[in-house]
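Student: 3D, please:
(one chain, ligands or ions: 1)
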Amino acid sequence: MAAPSNRVLLMLAAFLGSLAIALGGILWLTKDIRPGDGVAQQGAVGGPFTLTDQDGKAITNEAFRGKPFLIFFGFTHCPDVCPTTLFEISEIMRKLGKDADHTAALFVSVDPERDTPEKLKDYLSNFDPHLRGATSTPDGIAAIAKSFRVYYKKVPTSGDDYTMDHTALVYLMDKDGRFVAPFNIKRAPEASAEELRRYF
Ligand code: NI
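Tutor: Model (predicted):
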């Protein structure tokens with residue numbers, strides 16, 4: 001038996017596996033949101049929230065009224081996905097130029113024990129200023145995670161340390177705060193900026 005073809009098969013299996021997970025996530029997110037589903041579709045993902053921003057002030061969904069915005073969940077100790085996402089969103093904001101004021105992005109911590117407003121502020125200073133951060137009490141984060149159907153879980157690492165498993169989707173919300181679709185940031189920032197403009 002030739003080893004290289006086994007490797008190819010394994011890679012193919014891994015690729016198909018991750019594709020299935022990604023598709024499953026999107027189907028799961030949108031299963032209650034079929035067109036023509038009537039009023040029941042509204043609010044299936046997302047909803048009102050009250051959190052604390054990186055300046056220690058209350059931030060609610062009302063702060064985003066009138067603007068399409070992106071919301072996603074993560075934590076400042078995240079080694080890869082979160083900083084990459086924040087970077088991609090910063091690039092989109094840069095492409096929007098002055099129009100970036102017509103949109104917004106909110107990074108919600110799923111690690112409220114470590115992510116204080118100060119910590120978020122310091123972390124976000126590395127990214128575009130249109131990105132805001134939010135944290136809360138563990139109960140407050142559990143509530144918003146539930147309304148956005150976000151999965152997150154503490155995973156112990158070495159010693160007393162831990163990391164967080166979490167849903168890495170970016171959610172596009174419209175001007176009225178309604179969920180539109182998962183937002184694809186894995187494309188040229190110009191294309192993402194163009195899509196956002198359509199919801200202005
Ligand atoms: Ni992350």
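
Student: Grab the nearest non-local neighbour of the residue nearest the centre of the chain.
Tutor: By C-alpha atoms, centre = their mean, the mean C-alpha position of the chain lies nearest to Phe72, the distance being 1.8 Å. Of all residues not flanking Phe72 in the chain, Val170 sits nearest, at 4.4 Å (C-beta to C-beta, 6 or more residues apart in numbering). (Each C-beta comes from the backbone N, C-alpha and C, glycine too.)

Student: how much space between that neighbour and the ion?
Tutor: 12 Å (C-beta to the ion, to the nearest Å).

Student: before we move on, the earlier item: shouldn't the residue nearest to the centre of the chain be within a strand?
Tutor: Yes. Phe72 forms part of a strand when assessed by DSSP: H, G, I helix; E, B strand; the rest coil.

Student: In the chain, mark out all the strands, start to finish.
Tutor: Using DSSP state E, the strands of the chain run over residues 50-53, 58-60, 69-74, 104-109, 131-135, 152-156, 162-166, 170-173, 179-182.

Student: In the chain, where is pLDDT below threshold?
Tutor: 1-43 (pLDDT under 70).

Student: Show me which residues of it sit near the ion.
Tutor: By the rule C-beta under 5 Å from the ion, the part of the chain lying against the ion is 74, 78, 81-82.

Student: Quick one: these as CSV, columns for distance to Lys67 and neighbour count too.
Tutor: Below are these laid out as CSV (distance: C-beta to C-beta, whole Å; neighbours: other C-beta atoms under 10 Å):
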residue, distance to Lys67, neighbour count
Gly74, 21, 24
Cys78, 26, 20
Val81, 25, 13
Cys82, 22, 22
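
Student: bridging residues for the residue nearest to the centre of the chain?
Tutor: Note on Phe72: beta-bridge partners Phe107, Val170, judged by DSSP bridges.

Student: can you map out the helices along the protein?
Tutor: Listed in chain order, the helices of the chain (DSSP state H) span 3-30, 81-96, 117-124, 138-147, 189-197.

Student: so what's Leu120 up against?
Tutor: 53-54, 76, 107, 109, 133-135 (C-beta atoms under 8 Å, 6 or more residues apart in numbering).

Student: Turn these into JSON lines, including neighbour count and distance to Pro68.
Tutor: Compiled in JSON lines, the contacts of Leu120 are given as follows (neighbours: other C-beta atoms under 10 Å; distance: C-beta to C-beta, whole Å):
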{"residue": "Asp53", "neighbour count": "19", "distance to Pro68": "19"}
{"residue": "Gln54", "neighbour count": "24", "distance to Pro68": "21"}
{"residue": "Thr76", "neighbour count": "20", "distance to Pro68": "25"}
{"residue": "Phe107", "neighbour count": "27", "distance to Pro68": "16"}
{"residue": "Ser109", "neighbour count": "31", "distance to Pro68": "22"}
{"residue": "Gly133", "neighbour count": "27", "distance to Pro68": "19"}
{"residue": "Ala134", "neighbour count": "27", "distance to Pro68": "18"}
{"residue": "Thr135", "neighbour count": "27", "distance to Pro68": "23"}
